[in-house]
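Novice: I would like to see how this sequence folds:
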Amino acid sequence: MLSPARTSVDGFGSTVSAYLPLALRKALAVENAAVQKAQPVLAAIGGIAITYVAVKAIYNIGKGVTTYFLAGPLHLGADLKKSGEWAVITGSSDGIGKEFAFQLAAKGLNVVLVSRTIDKLEGVAREISARYNVQTKIIAIDLSKVCFICYRFVK
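Specialist: Prediction:
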């Protein structure tokens, strides 16, 4: 009798298949032959998959090193002034829009700040002008209330 811990070989070294019925042994032999024939193909597919993952990982690591460590010292960043001297930032009185305005001003771009609250816009504009010595313009508008005709005109 086989112990639960030994599934492929019993205590005397004979394979478990010796204990199986003849029909099941033949089915396993056919299946085993098919697996042996397919093994080189499956190994090639696995090799290609591993190579793809490795190349992609190396590319992403290189891209990260270039972006975060080499871009500044080697001046590899985008030259934003090629696109123009002014940047328009919506939602620039708070949060991400405000930080985006500061980052663009730090790169030397003049900024047009667009938001709903004029008081906050004026404060942000003063702070950006004082800190980065760039021109600022403000537009206080609630873009969710703009009419469809105005949208078509701007578009």
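Novice: please enumerate the helices of the protein.
Specialist: Across the chain, reading from the start of the chain, the helices by DSSP state H fall at 22-65, 95-106, 118-132, 148-154.
Novice: by mean pLDDT, flag the weakest helix or strand of this protein.
Specialist: Ranked by mean pLDDT, DSSP states H and E, the helix or strand of the chain with the weakest confidence is helix 148-154, at a mean of 56.
Novice: looking at the helices of the chain, which is closest to residue 81?
Specialist: Ranking the helices of the chain by distance to residue 81, with CB to CB as the measure, places helix 95-106 first at 10.6 Å. Heads up, the C-betas are built off the backbone N, CA and C, glycines and all.
Novice: hmm, who's touching the closest one?
Specialist: 80, 87, 89-92, 111, 113, 115, 124, 128, 131-132, 134, 136 (CB atoms under 8 Å, 6 or more residues apart in numbering).
Novice: could you dump the helices of the chain to TSV with distance to residue 142?
Specialist: Compiled in TSV, the helices of the chain are given as follows (distance: least, CB to CB, whole Å):
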stretch	distance to residue 142
helix 22-65	40
helix 95-106	14
helix 118-132	11
helix 148-154	12
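Novice: good, we can wrap up now.
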